[in-house]
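K.L.:
Build me a model:
(chains A and B)
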Amino acid sequence: GDSVTQMEGPVTLSEEAFLTINCTYTATGYPSLFWYVQYPGEGLQLLLKATKADDKGSNKGFEATYRKETTSFHLEKGSVQVSDSAVYFCALRYFGNEKLTFGTGTRLTIIP
Amino acid sequence: SAVISQKPSRDICQRGTSLTIQCQVDSQVTMMFWYRQQPGQSLTLIATANQGSEATYESGFVIDKFPISRPNLTFSTLTVSNMSPEDSSIYLCSGRLQGTEQYFGPGTRLTVT
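P.N.:
This next block holds a predicted model:
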């Protein structure tokens, strides 16, 4: 079946460091790919998405590119801030199907 | 966009009892969803709830254990019945507006002793 694998956390970085959170997927078809973020005490929020191969999703300085050849959707940010501290979830969903398949989440902590 | 709230935010319950979790959306949403996040694991979809019809359960989840109500377009409840320690999880609801992705509530952290 379909699955999403994320790098294990927690990840701790200093402010202004470069961030990469790895995400790979296994899918029988061609799903859309998502990154969700959960800030402390809040619900998951959609951070960015990509719907087809080579698409790049971006938001709030974060980027991720849909790589079909490596079945990956790694999240990157060039310079993290303390306010980026949160749990990040990679997920996939097929067009026309509501079911989201999530990874286990990666807790990110940014220290000043 | 939509803002989703859940009650309670957390609870500690004894085995054999039941807990009903409420999910309120500030907009009318066509579809609502219930997820479970067990410790150290990913979110797993329990069921999809549409107004006026029975919820659709995913493999491994049954109505007797997780009855769901969806009385209107802004509200849903999930009951965790006859609880055991294995039901200790975070339970999240989400809703989807037409043309958008799912919006999530903050979750209900349940501990069963």
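
K.L.:
from here on, contacts and neighbour counts on C-alpha atoms
P.N.:
Will do.

K.L.:
Alongside chain B, which residues does chain A contribute?
P.N.:
A:41-46, A:99-105 (C-alpha under 8 Å from any C-alpha of the partner chain).

K.L.:
Tell me the gap between the worst-scoring helix or strand of chain B on mean pLDDT and the middle of its chain.
P.N.:
Across the helices and strands of chain B, the lowest-confidence element by mean pLDDT, DSSP states H and E is strand B:102-104, at a mean of 90. Distance of strand B:102-104 from its chain centroid, counting by C-alpha atoms, centre = their mean, to the nearest Å, is 12 Å.

K.L.:
which helices and strands does it pack with?
P.N.:
Counting contacts by 3 or more C-alpha pairs under 8 Å, 6 or more residues apart in numbering or on different chains; DSSP states H and E, strand B:102-104 packs against strand A:45-50, strand B:89-96.

K.L.:
quick one: low-confidence parts of chain B?
P.N.:
Nowhere does chain B drop to pLDDT under 70.

K.L.:
where does it come near chain A, residue by residue?
P.N.:
Counting by C-alpha under 8 Å from any C-alpha, the residues of chain B near chain A are B:4, B:40-45, B:101-107.

K.L.:
Would you mind putting these into CSV with neighbour count alongside?
P.N.:
Shown next, in CSV, are the residues of chain B next to chain A (neighbours: other C-alpha atoms under 10 Å in any protein chain shown):
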residue, neighbour count
B:4, 22
B:40, 9
B:41, 13
B:42, 21
B:43, 24
B:44, 20
B:45, 23
B:101, 16
B:102, 23
B:103, 22
B:104, 28
B:105, 26
B:106, 25
B:107, 29
